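# With the input below, show me the fold.
(2 chains)
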There are 2 protein chains.
Amino acid sequence: MNKPQIILIKPQLAENIGMTARAMMNCGLDDLRLVTPKESHLSDKAISASSGADEILKNATVYNSTREAIADLEHVYATTARRRDMIKNIFTPEAFVKEISDNTGILFGPERTGLENDDIALADAIIEIPLNPKHTSLNLSQAVLIIGYEWYKSQTSQPDKQLVTNKTKVASKEQLLSFLDMLEKKMDSQGRKISPEKRPRMIRNLHNIFNRAELTEQEINTLLGMFNLTKD
Amino acid sequence: MNKPQIILIKPQLAENIGMTARAMMNCGLDDLRLVTPKESHLSDKAISASSGADEILKNATVYNSTREAIADLEHVYATTARRRDMIKNIFTPEAFVKEISDNTGILFGPERTGLENDDIALADAIIEIPLNPKHTSLNLSQAVLIIGYEWYKSQTSQPDKQLVTNKTKVASKEQLLSFLDMLEKKMDSQGRKISPEKRPRMIRNLHNIFNRAELTEQEINTLLGMFNLTKD
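A predicted model of the protein is given here:
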C-alpha cells in the first residue's frame, strides 16, 4: 500500500484544505502536508468542510518551504493544469498510480495560480488530469479527489458489473422456463388468439425479454403471485 | 460522442448546482436537468460557484418529477453510495462509460439523503464509485466530476507518459555520447585520478545517469556552457 503524501503548497482557503481532507478520506489516503497555508487547517471552517475527516487535518504537518516538505521523500510529482516551458515527463493520473512506489509525494499548487515553476522543477515528473482543454480549472480538492480516486481504484478490485441480488439469487434456467410455461398457458387461456405461424416467434420474444431481465427466484415468485400463475 | 445527460434530483444548495456545472464543463458535458431544485440554478450563488460554466446553468431544464425528466431518454443510470435492498446491476464508472449509448441520463440524488428507492427503481442500472467504504460520502459535484472524468477519458486518448520538450527535442545518442566524452575528458584533466580497474564501471554509471535523464539538445548545450566543456 504505497500511499502517496498529499502536499498542498500555499493553499489560500481553509475550506479547501478541509475539502481536500474529505477527498483524501474518500480515497483512503491519510497523510497531508501543508506548506505555509494562508488559513489554519484546524479552523472551524476547515474542520466543517472536512465532513468528518478531521483526523487527517489534526495529523497534518505544516512546513515552511516545499524543500522541507519533500526532504524525506524519494519521489515527487507535481500537478499542473497548464503546460509550462519546462522539459518534464507528464503522466496521466491512471499511469501515475501504476508507477507509484514508496515514499512518494504529490504537489498541489495554490487555488488561483497553481504551482510555481520553481516548485515544479523540484518534482521528478508531472501529473496532468485529462480535462476539457477549454476549462481545465479544477477546485483544489477535486484535483486531489481525481488522483486519489485513481489510486484507490489501483489498490482495490471491483467487478466492472455485478448483479446485486441481496438475499435471493438468480433463478435457474429450469425455474425461469417453468415460469415462462405458466405465462404461456395464461396467455392461451386469457389473451387473444395467436396464429400458429406467429406463435414460435412470440414465444422467443417472451424468452428474450425475461432472459435479459435476469430474474431472481424472489422476483419469479412475485410475478407468479401478481399474475396468479400456477402450474395447472 | 454519446454525451450523457446529468440529472440532479431535488438538489438542495444552489452552490452545488453551480459546482456541478463547473465539473461538467471540466469534462466536456453540456446537458443539465434539474428536478424540483430547492434553490434556483440561476441565482448569484449558483452562477458564482460555476466558475465560468454559466452557459450550462442557463441552458439547464427544470422538471417537476423524475419521470418527466427521463421521459425522452432510452437509458437511465442511478448513482448511489450505499447498497439498497434492490436487485440491480451495478457498474463501476469506468465500466459504465464503456456501456454508454445514445440518449443516456444519469440520476444524482439530493445532497444529504441520496436518491430515493423509487427513483432508483426507474433506472436500468446503478453506477457505484469505488471509494473507501468507511467514508463514501462525496459532495454532489464531486460525484458528477468522477463520472464525467471517466467519460472524458473514454472519449480522448492521452499517452500514459510523454516527455514534453517544447521547442527543443531529445538529443540523439551521438550528441549524448559526444557530451559524455567531453565530460570524461574534463574529469581526467581536473578531477581526481581514477584507477584503470574502476574506470569502466564509473563511466557506465555516468552513462546510466544521463541516459535516464533523457537530455534534450538544449539541455546538453546548457551543460556544455555551464561546465565549460569543449571537444578539445
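# Now do the phi/psi pair for the most centrally placed residue in chain A.
The centroid of chain A falls nearest to A:Tyr149 when counting by Cα atoms, centre = their mean (5.1 Å). Backbone torsions of A:Tyr149, given as degrees, to the nearest 10, read phi -60, psi -40.
# How about the contacts made by it?
Counting by Cβ atoms under 8 Å, 6 or more residues apart in numbering or on different chains, A:Tyr149 touches A:26-27, B:129-131, B:146. C-beta here means a position set from N, CA and C on the backbone, and glycine is covered the same way.
# Determine whether any part of the lengthiest helix in chain A lies close to chain B.
The single longest helix within chain A, with elements called by DSSP state H, is helix A:173-190. No - residues of helix A:173-190 are not located near chain B by Cβ under 8 Å from any Cβ of the partner chain, the shortest gap being 14.4 Å.
# residues of stretch A:52-69 that come out buried?
For stretch A:52-69, burial by neighbour count (16 or more other Cβ atoms under 10 Å in any protein chain shown) applies to A:53-54, A:56-57, A:60, A:63, A:66, A:69.
# Pull the contacting residues for A:Ala14.
So A:Ala14 contacts A:37, A:39-41, A:43, A:45-46, A:49 (Cβ under 8 Å, 6+ apart).
# quick one: the strands in chain A?
Here chain A has its strands, by DSSP state E, at A:5-9, A:32-35, A:61-63, A:75-79, A:88-91, A:104-108, A:125-127, A:161-164.
# Quick one: those as a markdown table, columns for mean pLDDT and distance to chain B too.
As requested, those are exported to a markdown table (pLDDT from 0 to 100; distance: least, Cβ to the nearest Cβ, whole Å):
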| stretch | mean pLDDT | distance to chain B |
| --- | --- | --- |
| strand A:5-9 | 98 | 14 |
| strand A:32-35 | 98 | 15 |
| strand A:61-63 | 98 | 21 |
| strand A:75-79 | 96 | 12 |
| strand A:88-91 | 94 | 5 |
| strand A:104-108 | 97 | 16 |
| strand A:125-127 | 95 | 8 |
| strand A:161-164 | 90 | 5 |
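# Let's have the ones you listed in JSON lines, adding distance to A:Glu217.
Output for these, formatted as JSON lines (distance: least, Cβ to Cβ, whole Å):
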{"stretch": "strand A:5-9", "distance to A:Glu217": "47"}
{"stretch": "strand A:32-35", "distance to A:Glu217": "48"}
{"stretch": "strand A:61-63", "distance to A:Glu217": "55"}
{"stretch": "strand A:75-79", "distance to A:Glu217": "50"}
{"stretch": "strand A:88-91", "distance to A:Glu217": "48"}
{"stretch": "strand A:104-108", "distance to A:Glu217": "48"}
{"stretch": "strand A:125-127", "distance to A:Glu217": "48"}
{"stretch": "strand A:161-164", "distance to A:Glu217": "13"}
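# Count the residues that sit near A:Met86.
By the criterion of other Cβ atoms under 10 Å in any protein chain shown, A:Met86 has 15 neighbours.
# One more: the one 3 residues further on?
The local packing of A:Asn89 (other Cβ under 10 Å) involves 17 other residues.
# try the one 3 residues further on
By the criterion of other Cβ under 10 Å, A:Thr92 has 19 neighbours.
# And for A:Ile203?
Counted with other Cβ under 10 Å, A:Ile203 comes out at 16.
# for it, what are its contacts?
By Cβ under 8 Å, 6+ apart, A:Ile203 lies in contact with A:180, A:184.
# Which pLDDT value does the model give it?
A:Ile203 carries a pLDDT value of 90.
# State the distance from it to B:Gly148.
According to Cβ to Cβ, to the nearest Å, A:Ile203 stands 43 Å off from B:Gly148.
# now swap in A:Leu131 and tell me
9 Å.
# follow-up on the earlier one: from the contacts of A:Ala14, which is closest to chain B?
Closest approach between the contacts of A:Ala14 and chain B, by Cβ to the nearest Cβ: A:Ala49, at 9.6 Å.
# hang on, A:Leu8 packs against A:Leu32?
Yes - with contact defined as Cβ atoms under 8 Å, A:Leu8 counts as touching A:Leu32 (7.3 Å).
# Spell out which residues are contacts of both of these two.
A:Thr20.
# out of those two, which sits in the more crowded spot?
More neighbours surround A:Leu8 than the other of A:Leu8 and A:Leu32, with 27 against 23 (other Cβ under 10 Å).
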